[in-house]
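Undergrad: Sequence first, predicted model second:
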Amino acid sequence: MPGMMIEVRGLTKLFHDDQGRVQRVIDGVDWHVEAGAAVRLNGPSGAGKSTFLNLLSGLLPPDEGQVRLGDTQLSQLSEARRDRFRAAHVGYIFQTFNLLTPLSVLENLVIPLRLAGNNRRGLDDQARGILERFGLGDHAHKRPYHLSVGQRQRVAAARAILMQPDILLADEPTASLDPDSAQAVVEALKDLNGQGTTLVLASHDPALKEFATQAVLELGRKEVAA
Amino acid sequence: MKARAQATLAWRYLTHRRFATLVSIAAIALSLVFIVGVGVVNFAVKKTAVEGSIRYPLVVGPAGASGVQVILSTLFYIDKPSGTIDFEVFKELEQDKRVISAYPIAVADSYRNIRIIGTNKAFLDDLGAGASAGAIDLSAVENAVIGWSAAQRSGLSVGDTFHGQHGMVGSMGAHEHTELTYRVAGIMNPTGGPEDMAIFTQYESVWKIHAHGHHKHGAHGHDSHATDRHDAHDGHEKHDGHEKHEGQDGHGGHEKHEMHAAQTALPDHDTHAEHDTHAEHDAHAGHMETDAHNPHDTPKPDKYTLSTHRLTAVLVRTSNPAFTGMLEREYTLRDGTIAVDTARSIREFVNHINKGEIFVEAVSSGMLLIALAMILVTLVMSLNERRRELALLRSLGVGRLTLATTVMMEILGLTLLGALAGLLLGHGLAWLSVDWIKQTAGVDIEPFTVTHMESFSFFVTLIAGQLLALIGMILTYRLNVVEEVARD
């Protein structure tokens, strides 16, 4: 995993509220992140952190500005190509709801990657190995609703590691976790970053704040602190 | 690998919503079960009917009966015979040069709801079944030869004895005939035809029983006929053609025992009513009237009764199809008989069946539409429920088209499972019903017969499922799930 540089120029996203008023959730943001860095998004709830992550991943198209990941200009790609790019380079961990309920823990690691076109050989064995490392080996065939919140979040982190992304976007990955589970997730993220993955974290967790200090983007105030 | 992952995810979603999946499968299956069941039975009925029409192109029965009724009662041994014909008709046909063979059929009694058919050995030889036990032997008046299924159902074996019962179990007037004890002389090999579920005796034995009058009217408490009168009657049994002297005083005690036959509504037997002045039959006639006036009695009166020198029908094989037409006209124009061109009646019968099939097809199509609508509603609800999961997959790089085709696979799987379950269930139920259908309809069904209607319905179901899957695919493709993950 070589990691991937992130370049954001004039990024703007508008949302329409129920009354039809336009809100500039992301307003002309410029930002640069070096490949392999661990960076953080700051801002109060509603400041647009999740929206910004979705713009970085290409899930949401910007209204203005551009996102460049490595050598790829996301805005120049079609939706299908953005999907394929994301599948190949970008990992995602959400605060909650990271798993598919009908699938077992092991399947939650492997099947989304297969669906995204990942044909890597031995994916099942690698997934089992990672689950063992995360202390989830005995839960491989359980359904997500049989796991605690912390265990579910560790499964999401395990999937991100299995995916070996160049960029990992994590939206409050340790929120609502007990200290031990939070620590396990932080360790996993550090491990991934240590292997070269560029980390972009939206988190209030002090442990992550200490770790992801290379570039902090303050949202909601249009100020960039580096 | 991707297709396999899609199939796994589709299957997991189906099993995750077990109840909805099972209900959807059951709804589709049910619509096909009817088509399979009706198709299998109708196919067998048509086949048996056509085979019967080829074997015996002409059936001479009592005037007043419909062609289909005559066919059902004489070829299938179901439905009640509607009257009788004179034995002389058989004798004439047997000697007619245009006729290759003629066989007498005298349907009257039953044993454990299995029809006892009075006939002759030539008819059994013509069936060509051969004996699986004992012998095809009707040389003695008490001899009975039993069809394969009848033997299985009744438990009778060679050497066993039994009494016939007048009518069928549950019919009004049903009572045991103790006048003659039958002895099983042989059991036929299975033929797959209606004869499998029948008991064959001499027609003379049927006459003998009914010439003796009715004993043990258990259902009515009606032990009316005295033994000494039977002796007197026995003396009249060999009066060939005595029926032609209806109303003549000289037939006294003999005629009065044929009162039951007079109640079969046969026009040529109306004169039997004149004998109702006899004390014994007055009592019996009064009894029947009482029954007929009691609307609370559920069983229907079994008015049909056979008597000496009467037959239900004669099966005829001619040497030339032209002769079949000639004989049909001749015997239809005669008083007291109707000649039925078997092939024509079978066509009428098959037309009735086809109408029934169309009705069942329409009902089943309606059920299928309801089932598919239900699946569509369930799908829309399910897509709403899994918006976040679809959004998660999108965030991991799974394309819209992949998700849409996964949902399509899910619906296709559902309809395929429903259709297969319908076929399996339909044929399984048909297999389980083989004996019951044989007993009730006299038809030997082949439970795993695949009819054209079944194949057509199966593919229509799959095509309808494919259309539904396309709708599901389009709905999924158009679903904007990104907002689910864009919430801040």
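TA: Noted; the coordinates are in hand.
Undergrad: For B:G130, grab the count of nearby residues.
TA: 13 (other Cβ atoms under 10 Å in any protein chain shown). The C-beta positions use only the backbone N, C-alpha and C, and glycine is treated the same way.
Undergrad: Can you give me the separation between it and B:W148?
TA: Distance of B:G130 to B:W148, given as Cβ to Cβ, to the nearest Å: 11 Å.
Undergrad: Can you report phi and psi for the closest residue to A:A182 other than its chain neighbours?
TA: Nearest non-adjacent residue to A:A182, counting by Cβ to Cβ, 6 or more residues apart in numbering or on different chains: A:T174, 4.0 Å away. With angles defined as degrees, to the nearest 10, A:T174 shows backbone torsions of phi -110, psi 10.
Undergrad: how much space is there between A:T174 and chain B?
TA: 18 Å (Cβ to the nearest Cβ, to the nearest Å).
Undergrad: quick one: that residue from B:A404, how far?
TA: In terms of Cβ to Cβ, A:T174 sits 34 Å off from B:A404.
Undergrad: likewise B:T84?
TA: Look at B:T84 and B:A404: by Cβ to Cβ, they are 72 Å apart.
Undergrad: how about the residue minimising distance to the centre of chain A, what does it touch?
TA: When Cα atoms, centre = their mean is applied to chain A, the residue found nearest the centroid is A:L169 (2.1 Å). Residues counted as contacts of A:L169 (Cβ atoms under 8 Å, 6 or more residues apart in numbering or on different chains) are A:L53, A:L56, A:S57, A:V90, A:G91, A:Y92, A:I93, A:V200.
Undergrad: what about the strands in the chain?
TA: With no chain named, the answer covers chain A. A:6-16, A:22-33, A:38-42, A:64-69, A:72-73, A:90-93, A:167-171, A:198-202, A:216-218, A:223-225 (DSSP state E).
Undergrad: meant chain B, my bad for not saying
TA: Under DSSP E, chain B gives strands at B:58-62, B:85-86, B:99-111, B:114-119, B:131-134, B:143-146, B:161-162, B:165-166, B:175-176, B:182-188, B:198-202, B:310-311, B:313-318, B:337-341.
Undergrad: follow-up on the earlier one: give the burial count for the residue nearest to the residue nearest to the centre of chain A when sequence neighbours are not counted, as a bare number.
TA: In this structure, A:L169 finds its nearest non-sequential neighbour in A:L53, 4.6 Å apart by Cβ to Cβ, 6+ apart. With neighbours defined by other Cβ under 10 Å, the count for A:L53 comes to 25.
Undergrad: Do you know the pLDDT at A:L53?
TA: Each residue has a pLDDT score; the one for A:L53 is 90.
Undergrad: and what of the one 3 residues further on?
TA: On the pLDDT scale, A:L56 is placed at 91.
Undergrad: For it, give me its contacts.
TA: Applying Cβ under 8 Å, 6+ apart to A:L56 gives the contacts A:I6, A:V8, A:V67, A:L69, A:V90, A:I167, A:L169, A:V200.
Undergrad: And the residue of chain B closest to chain A?
TA: B:G397 (2.5 Å; Cβ to the nearest Cβ).
Undergrad: returning to what we had before: compare B:T84 and B:A404 (neighbour count), which wins?
TA: Using other Cβ under 10 Å, the more surrounded residue of B:T84 and B:A404 is B:T84, with 28 against 21.
Undergrad: distance of the closest residue to the more buried one other than its chain neighbours from B:E94?
TA: Excluding the flanking residues, the one nearest B:T84 by Cβ to Cβ, 6+ apart is B:R310, at 3.9 Å. B:R310 sits at a distance of 16 Å from B:E94 (criterion: Cβ to Cβ).
Undergrad: What residues does the nearest residue to the residue of chain B closest to chain A once chain neighbours are set aside make contact with?
TA: Of all residues not flanking B:G397 in the chain, A:A87 sits nearest, at 2.5 Å (Cβ to Cβ, 6+ apart). By Cβ under 8 Å, 6+ apart, the contact list for A:A87 reads A:L113, A:A116, A:G117, A:N118, B:L396, B:G397, B:V398.
Undergrad: if we take those, which one ends up nearest to B:L22?
TA: B:L22 lies nearest to B:V398 out of those, by Cβ to Cβ, at 28.0 Å.
Undergrad: Give me the number of neighbouring residues for that closest one.
TA: B:V398: 27 surrounding residues under other Cβ under 10 Å.
Undergrad: hang on, it packs against A:D83?
TA: Yes - proximity of B:V398 to A:D83 meets the contact threshold set by Cβ atoms under 8 Å, at 7.0 Å.
Undergrad: who touches both of the two?
TA: Residues within reach of B:V398 and of A:D83 at once, by Cβ under 8 Å, 6+ apart, are A:A116.
Undergrad: How about B:A419: what's its closest non-neighbour residue?
TA: Leaving aside its sequence neighbours, B:A419 sits nearest to B:T461 (Cβ to Cβ, 6+ apart; 4.5 Å).
Undergrad: What's the local residue count around that neighbour?
TA: B:T461: 27 surrounding residues under other Cβ under 10 Å.
Undergrad: Verify the stated contact: it with B:G418.
TA: Yes - in this structure B:T461 lies within contact range of B:G418 using Cβ under 8 Å: 7.2 Å.
Undergrad: about what we covered before: ok, and the most crowded of the contacts of A:A87?
TA: Using other Cβ under 10 Å as the neighbour test, those are led by B:G397, with 29 neighbours.
Undergrad: Phi, psi for it please.
TA: phi 100, psi 10.
Undergrad: residues in contact with it?
TA: A:D83, A:R84, A:F85, A:R86, A:A87, A:A88, A:V90, A:A116, A:G117.
Undergrad: Right, I'll call it a day here.
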